[in-house]
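Colleague: Mind folding the following:
(4 chains)
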Amino acid sequence: MSDYSIQELQAVLLSRELKNGELGAAGAAAAIPMAAILLARLTHAPDLQIAGEMFVNPNPTQLWPSMLDDRALGACEAAETFLELFGHSHRGLDFFFHNGLQIDAHGNINLHHIGGTLHEPKMRGPGAANISYAGQSKRFYICPTVHSRRNFVERVDFITSPGYLDGPESFAAAGMNGGPHLCVSPLAVLDFDPDTLRMRIHSVHPHSSVEEVVENTGFELGANRNVHMSKPPTRDELRLLREIVDPRGYLR
Amino acid sequence: MSDYSIQELQAVLLSRELKNGELGAAGAAAAIPMAAILLARLTHAPDLQIAGEMFVNPNPTQLWPSMLDDRALGACEAAETFLELFGHSHRGLDFFFHNGLQIDAHGNINLHHIGGTLHEPKMRGPGAANISYAGQSKRFYICPTVHSRRNFVERVDFITSPGYLDGPESFAAAGMNGGPHLCVSPLAVLDFDPDTLRMRIHSVHPHSSVEEVVENTGFELGANRNVHMSKPPTRDELRLLREIVDPRGYLR
Amino acid sequence: MSDGDLLAIGGLFKQGRPTALVREVIKADFKDLKVSSSPGSGFDVDLLIATGCVAETYCPAVTLEERMCPSFRHAVEEGRIRAHCVDALSVVGGYLASANGVPFQPVAAWKGSDVPKHNPLVAHITCPFTGETLFATRALRPKLALIHAQEGDVYGNLRHLSTMTYADQMIARASDFVIASVDRIVAPDDILSRPRETSVPNIYVDAIVELPYAAHPSGSFPHYSIDEAYIDAYADLAEAARKGAPEGLRMFLEQDVSGCASQRDYLSRLPDTRLPALEEEARNL
Amino acid sequence: MSDGDLLAIGGLFKQGRPTALVREVIKADFKDLKVSSSPGSGFDVDLLIATGCVAETYCPAVTLEERMCPSFRHAVEEGRIRAHCVDALSVVGGYLASANGVPFQPVAAWKGSDVPKHNPLVAHITCPFTGETLFATRALRPKLALIHAQEGDVYGNLRHLSTMTYADQMIARASDFVIASVDRIVAPDDILSRPRETSVPNIYVDAIVELPYAAHPSGSFPHYSIDEAYIDAYADLAEAARKGAPEGLRMFLEQDVSGCASQRDYLSRLPDTRLPALEEEARNL
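Modeller: Numbers count the residues shown, from 1 in each chain, chains lettered A, B, ... in the order given. Below is the predicted model of the structure:
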């Protein structure tokens, strides 16, 4: 049995991915990524820089559901505007985070519509404020709060933020670099087969199983001989997460 | 005999041109225009707005040789940067002021070179920080501190900031509007013949004469039947100019 | 502003939105408005759509973040509005071009996304220096922009006290006519004492009005925080309307928008403890 | 930075120029530098030219305002440097394009001027929306930018206290490597307490150094004013050199630039009363 929540586990797993000295950010509705960044700064990456979303190095005193309002910032080193964001969006960041209504086998993200067409949709999504960090940044992470056949689909109905498109050829043809590095879902960590750029299971969370992941994924997962168990939060990680990053227990 | 200096006269004559509610500015090395603007604000144009050069509505406590450093600003309502100046330079202002190494019969301004070519000049001038207010603003004033055959030439060697180019046809062909409204020199006020867009004498300063103006102008001045004497500063204008605008007597 | 014009709304998602001014636009009964904003919008755009005065949106994201905007979703799915497929760079680039006084802004991103394929603001262009093909996004010139700042003087100099100021200055520079609401009018001397803190100079602002809690239910930091409960209550009614029960939403719109002659009327409908709690939350951040 | 690279200098005319850093560049003995600045430059660019390390300037105006820059004028008239015919919009547009991450910036001005006919940074382009022909100005990406601010923290967050801040933030965002001098280093908590006042965030600054009077002889308001006497004395010597008597200028450059191992050496050569007088002047504005 676990003494941490699934979202806490996701935050910890993501935090371990971020390297000292890197610069990155999370967008709206991004409590898990923000927790990951703040935790990384407290553990192995004290010089991690948080920028790209109109604030530089925030110091929030608790987590909030959104990163894109002043509640969630605390004291910052500098304030920016959409003018500077325009530049960041072209140069890209070291890392960014995405979530979507649909996520597909190649890590493409859809926030626009499900079913129908863009202007005659069965279901209209919210759209995305900024679609450029996916294509311009060195890497991004996909961190959905749900893992089901409904949101993990073979091909998204609309590519809001691009992953590996239809695989290596189309990705190269589009002149792209970077792309999704990992998907850290509520059930597993998924990486991308270098040959096909399709998702496969990298590790399964302690509370789940390969069977559960396969059962809840709407596409065929690539084979990976080295599936292991996701490493749970250490005592220290959990303490820092709960005492400093998320004292109100938003992720619990 | 006069109890005001020539530069004070120029400032007063220019101040009468500016209308309440208008927005304009002066650039570097612009003590006379700045005095004109500040005096206009104290007399007939209390709601004149000074903007377009990286500051909004300065309140200097004295005149300085340049308008483009903090010395000359005093308390301002807002600070801008070259980013906003980029926009102002496209939209233009209601009025602006220019001076040059050469000024020609059609009000073109040269600050780049005299003699030779641009890159093999006989004499190289300073260039101009911003050439766009001449062409984009509703009108501008030419206010040289010298009036001689050397700087008042038939045709400038290089058009840094455009006046009426070679006259009505070329001005229209270039798609231009606005242009120089008056030239207020140390000897006279010169306006532009609407038919030829060439300078002619509008009024002669009390200390000068038509003959002196003609003698010191390197091109043939257009005819103007209504030449009169430039109206000297009123007692009130001079008092405000000396007590409030220019207490250190920079223009004296 | 006339029917069919482009209205731009300042702020971002649930912060710094000139909501009181938006309610006035609704009461003025315009038709077929085009609406833009900073790239993140939510409650107020949904409210405009719910009241039927919007024909087209140029809003990259329309969301309440934790949940979708029901009226937006409903109107798009029923084909009642055209939700143009735009993103941050096209909208911000459009404001920037307009503020700069040029007809377009180059954009060199968007690889792989379907958004530019459907984005009516963009076209291809070739760089005359590098020969590369990139995008141009069309200058966006709103007819009317509504902005909210924490402070301003009677001349219209605005001062944001929040950390983020979104695209407010750029939208003001890009628009034909700008109306600002502020939480409080300060003395002109206060503005003069700190010119670098003036976030939007008066030369870009045509009218300014002091209105208590003018941003409510969005937050105006550091003065008052976001009224999530109010937004949620609206969203529940709008979601019910989307599912076929429009009565609650209709009553809400009557009571909180058309039925409020003044900002005082509007505020008087809130629970007594609400505004002090929002101020308390903002103070304690 | 290597020989031949583009160096950008912050500040404007006689204010906020990182002159101490410029002297270090001169001492490092680079050759054939390209130099840009905000659109208004003077003393420091003239000094760089006088020492022979400049091959090309991309400076709209090079002037001491009341008088011309003698070394600039001399070098251009003798054909020793290429003074490119550029203006504010091409240079600022170039920085803006680079800061934005796009290869060019549209410009829709310059009607009637001879400047764009000779400007190597510009080309014609057609707007894909309106069909109009306008100009494009090429992205300018300085290899090294030198910036001066009044305050900063050890992380490189800069805070300008002057009213004007010119193109400093844009140049920092546009450049590969940025070194800043500040009059004083402040505590990081001081920066955190007023984030909206940080004029250039540390993410754009690679190195920061606290140097007393680092802007001298340019002004650093509100700390110290412009040393017009120093600039004039230099200009007299440079003007004499232009007219055939280079000895005085050579001695000045030896004593005030190459001969100064430190900023302290440099300042010790000034009359004792000079710096207090400049501080006094700045205080009394």
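Colleague: mind pulling up the phi and psi values for residue C:200?
Modeller: phi -130, psi 110 (degrees, to the nearest 10).
Colleague: Next: residue C:242.
Modeller: Per degrees, to the nearest 10, the backbone of residue C:242 is at phi -60, psi -30.
Colleague: can you count the residues close to it?
Modeller: 20 (other C-beta atoms under 10 Å in any protein chain shown). The way it works is simple: take the backbone N, C-alpha and C, and place the C-beta from them, glycine included.
Colleague: where does it land on pLDDT?
Modeller: pLDDT, residue C:242: 98.
Colleague: Which element, helix or strand, includes the nearest residue to it once chain neighbours are set aside?
Modeller: Setting aside the residues directly before and after it, residue C:242 is nearest to residue C:74 in space (C-beta to C-beta, 6 or more residues apart in numbering or on different chains), at 4.0 Å. Using DSSP states H and E, residue C:74 sits in helix C:70-77.
Colleague: Which element is encountered next along the chain beyond that helix?
Modeller: Per DSSP H and E, the helix or strand that comes after helix C:70-77 is strand C:82-83.
Colleague: Partner strands of that next one and their direction?
Modeller: The sheet places strand C:82-83 alongside strand C:54-58 (parallel), with pairing taken from DSSP bridges.
Colleague: just so I have it, where are all the helices in chain A?
Modeller: A:6-15, A:31-42, A:82-91, A:132-136, A:168-173, A:210-215, A:235-240 (DSSP state H).
Colleague: out of these, nearest to chain D?
Modeller: helix A:82-91 (2.5 Å; C-beta to the nearest C-beta).
Colleague: How about the residue of the stretch 1-150 of chain A found nearest chain B, nearest residue that isn't a chain neighbour?
Modeller: At 7.6 Å from chain B, residue A:83 is the closest residue in the stretch 1-150 of chain A, using C-beta to the nearest C-beta. Spatial nearest neighbour of residue A:83, chain neighbours left out: residue C:170 (6.2 Å); criterion: C-beta to C-beta, 6+ apart.
Colleague: Show me what the helix or strand harbouring that neighbour packs onto, helices and strands only.
Modeller: Using DSSP H and E, residue C:170 maps to helix C:168-174. Applying 3 or more C-beta pairs under 8 Å, 6 or more residues apart in numbering or on different chains; DSSP states H and E, one finds that helix C:168-174 contacts helix C:88-100, strand C:144-152.
Colleague: quick one on the thing from earlier: which among the helices of chain A is found nearest to residue B:56?
Modeller: Judged by C-beta to C-beta, the one of those that comes nearest to residue B:56 is helix A:82-91, at 18.7 Å.
Colleague: Correct me if wrong: residue A:9 contacts residue A:205.
Modeller: Yes: judged on C-beta atoms under 8 Å, residue A:9 makes contact with residue A:205 at a distance of 6.1 Å.
Colleague: can you list residues touching both of the two?
Modeller: residue A:230 (C-beta atoms under 8 Å, 6 or more residues apart in numbering or on different chains).
Colleague: and stretch A:131-143 with chain C, contact?
Modeller: Yes: shown here: stretch A:131-143 in contact with chain C (C-beta under 8 Å from any C-beta of the partner chain) through A:131, A:132, A:134, A:135, A:136.
Colleague: Quote the end-to-end distance of that stretch.
Modeller: 16 Å (C-alpha to C-alpha, to the nearest Å).
Colleague: How about stretch C:48-67?
Modeller: 18 Å.
Colleague: so how far is it off the chain centroid?
Modeller: Distance of stretch C:48-67 from its chain centroid, counting by C-alpha atoms, centre = their mean, to the nearest Å, is 10 Å.
Colleague: before we move on, what about stretch A:179-186?
Modeller: That offset, for stretch A:179-186, works out to 6 Å (C-alpha atoms, centre = their mean).
Colleague: Could you write out the alpha-carbon coordinates of that stretch in PDB?
Modeller: Taking C-alpha atoms only, stretch A:179-186 is exported to PDB below (Å, rounded to 0.1, in the frame of the first residue of the first chain):
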ATOM      1  CA  GLY A 179       9.400  16.200 -29.100                       C
ATOM      2  CA  PRO A 180       7.800  14.400 -26.200                       C
ATOM      3  CA  HIS A 181      10.300  12.700 -23.900                       C
ATOM      4  CA  LEU A 182       8.100  10.800 -21.600                       C
ATOM      5  CA  CYS A 183       4.400  10.400 -20.700                       C
ATOM      6  CA  VAL A 184       3.900  10.200 -17.000                       C
ATOM      7  CA  SER A 185       0.300   9.000 -16.500                       C
ATOM      8  CA  PRO A 186      -1.600   8.000 -13.400                       C
END
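Colleague: show me what contacts the residue of the stretch 51-200 of chain A at minimum distance from chain C?
Modeller: Nearest residue of the stretch 51-200 of chain A to chain C: residue A:162, at 3.0 Å (C-beta to the nearest C-beta). Going by C-beta under 8 Å, 6+ apart, residue A:162 touches A:108, A:109, A:134, A:135, A:174, A:176, A:179, C:111, C:112, C:113.
Colleague: if we can go back for a sec, identify, out of the helices of chain A, the most deeply packed stretch.
Modeller: Of all the helices of chain A, helix A:132-136 carries the top mean neighbour count, a mean of 27, counting by mean count of other C-beta atoms under 10 Å in any protein chain shown.
Colleague: Contacts for it, please.
Modeller: Contacts for helix A:132-136 (C-beta under 8 Å, 6+ apart): A:25, A:27, A:52, A:89-93, A:96, A:98, A:109, A:140, A:161-163, A:176, A:178, A:180, C:87-89, C:109-113.
Colleague: Sort out for me which of the residues you listed are in strands.
Modeller: Among the contacts of helix A:132-136, the residues falling in strands (DSSP state E) are A:96, A:98, A:109, A:140, A:180.
Colleague: circling back to that earlier point, taking the mean pLDDT, what do you get for the helix holding residue C:74?
Modeller: Mean per-residue pLDDT for helix C:70-77: 98.
Colleague: How about residue A:154: what's its closest non-neighbour residue?
Modeller: Closest to residue A:154 by C-beta to C-beta, 6+ apart is residue A:219, at 4.1 Å.
Colleague: I misspoke; the intended subject was residue C:285.
Modeller: Distances taken as C-beta to C-beta, 6+ apart put residue A:71 closest to residue C:285, at 5.8 Å, once the chain neighbours are dropped.
Colleague: neighbours around the residue of chain C found nearest chain A, how many?
Modeller: Residue nearest to chain A within chain C: residue C:112 (3.0 Å; C-beta to the nearest C-beta). Using other C-beta under 10 Å, residue C:112 is surrounded by 24 other residues.
Colleague: With the one 5 residues further on instead?
Modeller: Residue C:117 sits with 12 neighbouring residues when counted by other C-beta under 10 Å.
Colleague: Look up which helix or strand it falls in, please.
Modeller: helix C:115-118.
Colleague: could you say what helices and strands that helix packs with?
Modeller: Packed next to helix C:115-118, using 3+ C-beta pairs under 8 Å, 6+ apart, is no helix or strand.
Colleague: OK, contacts around residue A:167?
Modeller: Residue A:167 touches A:106, A:196, A:197, A:198, counting by C-beta under 8 Å, 6+ apart.
Colleague: Please produce CSV containing those residues, extended by pLDDT, neighbour count and distance to residue A:125.
Modeller: Shown next, in CSV, are the contacts of residue A:167 (pLDDT from 0 to 100; neighbours: other C-beta atoms under 10 Å in any protein chain shown; distance: C-beta to C-beta, whole Å):
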residue, pLDDT, neighbour count, distance to residue A:125
A:106, 98, 26, 19
A:196, 96, 15, 27
A:197, 97, 22, 24
A:198, 97, 20, 24
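Colleague: before we move on, the earlier item: could you report the pLDDT at the residue of the stretch 51-200 of chain A closest to chain C?
Modeller: We note a pLDDT of 98 for residue A:162 in this prediction.
Colleague: Find the residue closest to it in space, skipping its chain neighbours.
Modeller: In space, and not counting its chain neighbours, residue A:162 is closest to residue C:112: 3.0 Å by C-beta to C-beta, 6+ apart.
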